[in-house]
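>>> what follows is a predicted structure for the sequence shown.
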Amino acid sequence: MSGLAQDTAALLGRLGVATSAFTGGQRSVTSPISGEVVAHVHDATADDAARAIDAAHDAFLAWRSVPAPRRGELVRLLGEELRVAKADLGMLVTLEAGKTISEGLGEVQEMIDICDYAVGLSRQLFGLTLATERPDHRMMETWQPLGVVGVISAFNFPVAVWSWNAALALVCGDSVVWKPSEKTPLTALAVHALFERAAARFADAPASLCALLIGDRIAGEALVAAPKVRIVSATGSTAMGRAVGPILAARFARSLLELGGNNAAIVCPSADLDLTLRGVAFAAMGTAGQRCTTLRRLFVHDSVYDTLVPRLKAAYASVRIGDPRAADTLVGPLIDPASLAEMERALSDARADGGVVTGGERVAGPGEGIYVRPALVEMSHQGEAVRRETFAPILYVMRYTDLADAIHRNNDVPQGLSSSIFTNDVREAERFCCATGSDCGIANVNIGPSGAEIGGAFGGEKETGGGREAGSDSWKAYMRRTTNTVNYGSTLPLAQGVVFEI
Ligand code: NAD
């Protein structure tokens with residue numbers, strides 16, 4: 001067993017995962033750090049999936065009657081388990097997804113944050129009281145548990161995405177079946193074990209409240225097709241959303257789609273360039289360009305282009321790339337060889353379209369890990385390569401002179417996830433955030449497009465899928481809304497003045 005495999009096994013053991021769950025299975029798990037196989041997991045069969053969904057449905061039938069603040073107590077216990085396990089789980093995220101230690105820990109912190117949020121929410125699942133046109137009547141909305149929630153997640157946020165959905169779904173009275181990315185099953189096994197620990201400390205948690213289906217798209221398809229799953233929250237590529245969305249629509253299930261992004265930032269003449277440089281560097285190079293919110297397109301005003309872009313190029317040339325376990329690494333590996341092939345294809349297409357590329361070459365790293373220098377590509381226009389999402393660290397940089405044109409180009413792509421403007425001019429900032437400004441789900445001022453907090457609703461428009469998760473009123477997606485009209489009088493006036501006397 002390699003050193004990396006031993007470290008992985010030790011972490012999994014400390015996190016409470018049985019050795020049999022990550023040895024002897026048919027699916028090998030590779031660490032992007034060195035390309036080594038670190039575990040073998042067992043795929044769920046179609047029968048396993050059917051059993052898990054049936055059991056989760058039984059769990060829902062019991063869980064929906066537990067009072068919501070009491071349900072919040074289970075999520076509070078989960079948050080406690082995550083606090084205790086933060087260092088180990090964060091390191092496992094680093095080993096399995098290749099994130100830097102700081103980002104691995106940050107992802108677990110995000111899980112803790114959403115648990116805290118959901119605990120508070122468990123006492124605030126409130127509806128409205130509405131004016132009624134009939135005398136001696138009261139009309140109100142109440143929110144009821146929905147059913148089994150399916151969660152399909154992507155490799156790049158291997159644990160946080162589950163928690164965004166599960167913490168809210170649990171306080172809303174739902175059960176959860178999770179199909180994690182086939183590239184990151186180990187972190188899912190660890191999170192599942194932590195949930196089971198929390199559930200064991202909670203007297204009235206029904207069995208199978210949170211289930212796990214390890215496997216590839218076939219396991220995901222089973223979840224999407226199952227009539228007992230009332231909503232599927234699916235995070236991944238737009239291609240995945242295109243496959244999943246129509247199946248859910250055909251059986252009138254809900255979908256919450258969190259798909260690809262192609263995020264832009266606009267740098268205005270008045271921007272604080274020191275702040276902009278840091279904001280752009282983190283958003284474009286952080287997580288090795290493998291965030292849905294990664295900055296991929298930068299529009300720089302002509303008057304500051306020749307000041308900012310050379311400084312950016314210097315940052316690209318000096319950024320520390322390598323083993324994500326090293327404390328000073330800022331850019332870790334790409335997830336796999338297919339990712340490198342996509343990056344090379346995009347750079348080749350951009351060059352053919354007149355782009356001037358800085359960086360993008362392979363850099364030495366441990367073993368067979370795939371390490372690249374982030375690429376900065378100066379373009380005169382948004383060609384096909386710029387308009388598609390390549391899930392790798394490529395930043396396309398373009399000049400602009402007119403803010404309206406820059407906003408137009410910000411919006412002129414199929415995706416609509418995140419966007420930013422760097423400016424000290426309040427008119428420009430407000431123009432960017434108003435109805436005729438950015439058409440994305442996220443529009444920031446003086447911070448980059450990545451690194452969202454859990455308090456705001458997260459998601460995007462157009463090919464990003466339209467879903468919203470985490471904060472604000474996202475919880476409503478996991479509940480069934482009932483409008484109740486109560487007549488406390490002794491007559492029966494009909495709405496709209498309709499008369500029906502018998
Ligand atoms: P992917 O689409 O390859 O896989 C995502 C998940 O979907 C995996 O669990 C996979 O097994 C499953 N899947 C794929 N096809 C399926 C099908 N037909 N039916 C059911 N399940 C299916 O994505 P990836 O490479 O893991 O992640 C990168 C992509 O995810 C990027 O496009 C990125 O922008 C996107 N992403 C979006 C968000 C967001 O919140 N908008 C967050 C993270 C990642």
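That came in fine, so what should we check first?

>>> get me the contact residues on the stretch 301-450 of the chain for the ligand.
Contact residues, the stretch 301-450 of the chain versus the ligand (Cβ under 6 Å from any ligand atom): 389, 391, 417. For every residue, glycine as well, the C-beta is placed using N, CA and C.

>>> out of these, grab the one that's most surrounded.
Using other Cβ atoms under 10 Å as the neighbour test, those are led by Leu417, with 28 neighbours.

>>> what sits against that residue?
For Leu417, the contacting residues are 260-263, 292-293, 440-442, 449, 459-461, 464, by Cβ atoms under 8 Å, 6 or more residues apart in numbering.

>>> which parts of this structure sit against the ligand?
152-157, 179, 181-182, 216-217, 220-221, 224, 235-237, 240, 243-244, 258-261, 292, 389, 391, 417, 464.

>>> check which helix or strand covers the residue nearest to Ala392 when sequence neighbours are not counted.
Distances taken as Cβ to Cβ, 6 or more residues apart in numbering put Met343 closest to Ala392, at 3.6 Å, once the chain neighbours are dropped. Here Met343 is covered by helix 337-352, with elements defined by DSSP states H and E.

>>> what of Arg291?
In this assignment (DSSP H and E), Arg291 forms part of neither any helix nor any strand.

>>> all strands of the stretch 1-150 of the chain, in order?
27-30, 37-41, 129-130, 137-145, 148-152 (DSSP state E, counting those that start in this stretch).

>>> burial measure for the residue in the stretch 51-200 of the chain positioned nearest to the ligand, as a count.
Taking Cβ to the nearest ligand atom, the ligand has its nearest neighbour within the stretch 51-200 of the chain at Ala154, 3.2 Å off. A count of nearby residues for Ala154, using other Cβ under 10 Å, gives 23.

>>> now swap in Ala203 and tell me
Using other Cβ under 10 Å, Ala203 has 8 neighbouring residues.

>>> what about it, distance to the ligand?
Distance, Ala203 to the ligand, using Cβ to the nearest ligand atom, to the nearest Å: 33 Å.

>>> tell me the confidence at that residue?
Reading off the confidence values, Ala203 has pLDDT 89.

>>> for it, helix, strand, or coil?
coil (DSSP: H, G, I helix; E, B strand; the rest coil).

>>> ok, Phe155 - contacts?
97, 181, 183-184, 335.

>>> rerun that using 10 Å as the cut-off
Listed by Cβ atoms under 10 Å, 6 or more residues apart in numbering, the contact set of Phe155 reads 32, 96-98, 180-184, 187, 236, 290, 335-336, 339, 391.

>>> state the distance from it to Pro180.
The gap separating Phe155 from Pro180 is 8 Å, by Cβ to Cβ, to the nearest Å.

>>> try Ala118
Look at Ala118 and Pro180: by Cβ to Cβ, they are 20 Å apart.

>>> ok, now Ala443?
Between Ala443 and Pro180 the computed distance is 30 Å (Cβ to Cβ).

>>> what sits against Gly236?
Residues in contact with Gly236 (Cβ under 10 Å, 6+ apart) are 152-156, 161, 181, 217, 220, 243-244, 257-260, 292, 465.

>>> can I have the buried ones of those residues as a PyMOL selection?
Paste this into PyMOL to select the buried members of these, with burial taken from 16 or more other Cβ atoms under 10 Å:
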select buried, resi 152+153+154+155+156+161+181+220+243+244+257+258+259+260+292+465
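
>>> in strands, which of the contacts of Gly236 fall?
Within the contacts of Gly236, residues falling in strands by DSSP state E are 152, 257-258.

>>> follow-up on the earlier one: mutual contacts of Phe155 and Pro180, please.
The overlap between the contact sets of Phe155 and Pro180 (Cβ under 10 Å, 6+ apart) consists of Thr187.

>>> can you give me the helices in this structure?
Here the chain has its helices, by DSSP state H, at 3-14, 46-63, 68-97, 101-121, 160-171, 185-200, 217-225, 238-250, 273-285, 302-318, 337-352, 384-387, 403-411, 426-433.

>>> what's next to the last one, contact-wise?
For helix 426-433, the external contacting residues (Cβ under 10 Å, 6+ apart) are 266, 268-271, 301, 403-404, 406-407, 410, 419-423, 425, 437-438, 443-446.

>>> among those residues, name the buried ones.
The neighbour count (16+ other Cβ under 10 Å) marks 266, 268, 270-271, 301, 403, 406-407, 410, 419-423, 437-438, 443-444 as buried among the contacts of helix 426-433.

>>> in strands, which of these appear?
Going by DSSP E, the strands hold 266, 301, 419-422, 443-444 from those.

>>> now those in a markdown table, with pLDDT?
What follows is these, written out as a markdown table (pLDDT from 0 to 100):
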| residue | pLDDT |
| --- | --- |
| Ile266 | 98 |
| His301 | 98 |
| Ser419 | 98 |
| Ser420 | 98 |
| Ile421 | 98 |
| Phe422 | 98 |
| Ala443 | 98 |
| Asn444 | 98 |
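
>>> any chance of those in CSV, plus distance to Ser318?
Output for those, formatted as CSV (distance: Cβ to Cβ, whole Å):
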residue, distance to Ser318
Ile266, 25
His301, 25
Ser419, 27
Ser420, 23
Ile421, 27
Phe422, 21
Ala443, 31
Asn444, 26
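
>>> quick one: which of those residues is nearest the ligand?
For these, the nearest to the ligand is Ser419 (13.5 Å; Cβ to the nearest ligand atom).

>>> can you tell me the closest non-neighbouring residue to Gly466?
Nearest residue to Gly466, sequence neighbours excluded (Cβ to Cβ, 6+ apart): Leu257, at 6.3 Å.

>>> hang on, the one you found packs against Ala477?
No: counting by Cβ atoms under 10 Å, Leu257 stays clear of Ala477, with 11.1 Å between them.

>>> find the residues that touch each one of the two.
By Cβ under 10 Å, 6+ apart, the residues touching both Leu257 and Ala477 are 233, 467.

>>> check contacts around the residue lying closest to Asp216 once chain neighbours are set aside.
Distances taken as Cβ to Cβ, 6+ apart place Glu182 nearest to Asp216, at 4.2 Å, with adjacent residues excluded. By Cβ under 10 Å, 6+ apart, Glu182 lies in contact with 27, 29, 41, 43, 155, 214-220.

>>> quick one on the thing from earlier: okay if I get the helices of the chain as TSV plus mean pLDDT?
What follows is the helices of the chain, written out as TSV (pLDDT from 0 to 100):
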stretch	mean pLDDT
helix 3-14	97
helix 46-63	98
helix 68-97	98
helix 101-121	98
helix 160-171	98
helix 185-200	98
helix 217-225	97
helix 238-250	98
helix 273-285	98
helix 302-318	98
helix 337-352	98
helix 384-387	97
helix 403-411	98
helix 426-433	98
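
>>> do you know which of those lies nearest Val377?
Between Val377 and the helices of the chain, the shortest gap by Cβ to Cβ is with helix 337-352, which sits at 5.0 Å.

>>> who are the packing partners of the closest one?
Judged by 3 or more Cβ pairs under 10 Å, 6 or more residues apart in numbering; DSSP states H and E, helix 337-352 is in contact with strand 356-358, strand 362-363, strand 371-372, strand 375-378, helix 384-387, strand 394-400.

>>> okay, those in JSON lines with mean neighbour count next?
Listed next are the helices and strands packed on helix 337-352 as JSON lines, based on neighbours: other Cβ atoms under 10 Å:
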{"stretch": "strand 356-358", "mean neighbour count": "15"}
{"stretch": "strand 362-363", "mean neighbour count": "14"}
{"stretch": "strand 371-372", "mean neighbour count": "24"}
{"stretch": "strand 375-378", "mean neighbour count": "24"}
{"stretch": "helix 384-387", "mean neighbour count": "18"}
{"stretch": "strand 394-400", "mean neighbour count": "23"}
